Each structure stands twice: as C-alpha cells, then as structure tokens.
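Student: following is a predicted model, sequence given first.
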Amino acid sequence: MTALDLPERSRLVLRHLEDAGVDTVIRVLPDSARTAAEAAAAIGCDVAAIANSLVLLADGAPILVMTSGGHRVDPTTLARHVGAQEVVMAPASVVRESTGQAIGGVAPVGHPAPLRTYIDADLEDHGEIWAAAGHPHTVMPLTFDTLKALTGGKVISVV
C-alpha cells in the first residue's frame, strides 16, 4: 500500500508525521474503528492501548484530549486539570472545523491549526499505543513519547 491508497485526510496526517520525522505506518482497517472497542478488536490489542482523540470545549474553546480507551473522561476532573470552569463534548461541526476530520477518525495531528492538547497519563503504561489516523478506517501505532512530542501535549489524569 502506498500513501496514494490512503484516504485524503490520512495522507495529510502521514505528511505531518513525515515532516516531524516520525516513522510509522498508517493501517487501513476493513471496518470502521469509530470506538476504542472496535479499534482494539480490529488491531488485536488491549482497549486501554487505544489513544482516543476527543475534541472537547473548555470554556468554549476546542481542546484535544488523547485518552486511554480503557476508561471515560471525567469532565470535572478534566476541567480542573486544564484550568477551565466547564468542559463539554464538542459538537460534530466543531470537531470537523477544528480538525478537518470526522468523529471516530480524529488523529492527534494533521489539523488546520494545532489544538491545545492533553494526554492521559494512563497511556504511558503501554509500549505501543494506537491512534486514529484522520479517517474512521485508519489507525497508526505510536509510542507515548512520540505522541507527546508530536502534539506538544500536557500529560494529565483524566479520570
């Protein structure tokens, strides 16, 4: 498979990865990986090793939270860690506008402009983590350190 075989948004993610010097392979899955459970089943990994990309609104501003697929984000805890009064899920229109990608396929990179990013500390427990790659059918393996370097994300507890 070549980069030309990837969906357009995944090609943008791949370009961003290459520009950052990250050597990884974007994998196209036969079925959607919109949820952590779907992605883990398709890849054959623990659901906790899935790096869910969640776009949320922190006091109205979009942020990206990379969280372990093994648990749910607690909005109150998250608000405290990001210094916001309120954190809520962003509507699909804000996700698309902020990332250029659809819910279920949001990659940690490849957005029109960088988003303030927070990374779940629990992802560090895994030697290899899997993130969406710009499309609901694409995923990529990364290390925790690579994810941090790519996004400039702040490591926090989200639960």
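Tutor: Good, I have the coordinates.

Student: and the pLDDT at Asp31?
Tutor: You'll see Asp31 listed with a pLDDT of 79.

Student: I should have written Leu150 there, sorry.
Tutor: Confidence at Leu150, expressed as pLDDT, is 95.

Student: hmm, it is touching Gly21, no?
Tutor: No - Leu150 lies out of contact with Gly21 (Cβ atoms under 8 Å); the separation is 9.9 Å. Quick note: C-beta positions are derived from backbone N, CA and C, even for glycine.

Student: okay, these two: which has more neighbours?
Tutor: For Leu150 and Gly21, the more surrounded residue by other Cβ atoms under 10 Å is Leu150, and the numbers stand at 21 against 9.

Student: what helix or strand is the most centrally placed residue in the chain on?
Tutor: Central residue check for the chain by Cα atoms, centre = their mean: the C-alpha nearest the mean position is that of Ser53, 3.0 Å away. Using DSSP states H and E, Ser53 maps to strand 50-58.

Student: now Pro30: which helix or strand?
Tutor: According to DSSP H and E, Pro30 maps onto no helix or strand at all.

Student: contacting residues around it?
Tutor: Counting by Cβ atoms under 8 Å, 6 or more residues apart in numbering, Pro30 touches Ala42, His137.

Student: tell me the mean pLDDT for the host helix or strand of Arg80?
Tutor: Assigned by DSSP H and E, Arg80 falls within helix 75-82. Taken as a whole, helix 75-82 has a mean pLDDT of 93.

Student: just want the angle from that helix to strand 50-58.
Tutor: Here helix 75-82 runs at an angle of 80 degrees relative to strand 50-58 (axes from the mean of the first three to the mean of the last three Cα atoms, to 10 degrees).

Student: does anything pack onto the least confident helix or strand in the chain by mean pLDDT? Which helices or strands?
Tutor: Lowest by mean pLDDT, DSSP states H and E among the helices and strands of the chain is helix 36-43, with a mean of 87. Here helix 36-43 touches strand 50-58, strand 129-132, strand 138-142, going by 3 or more Cβ pairs under 8 Å, 6 or more residues apart in numbering; DSSP states H and E.
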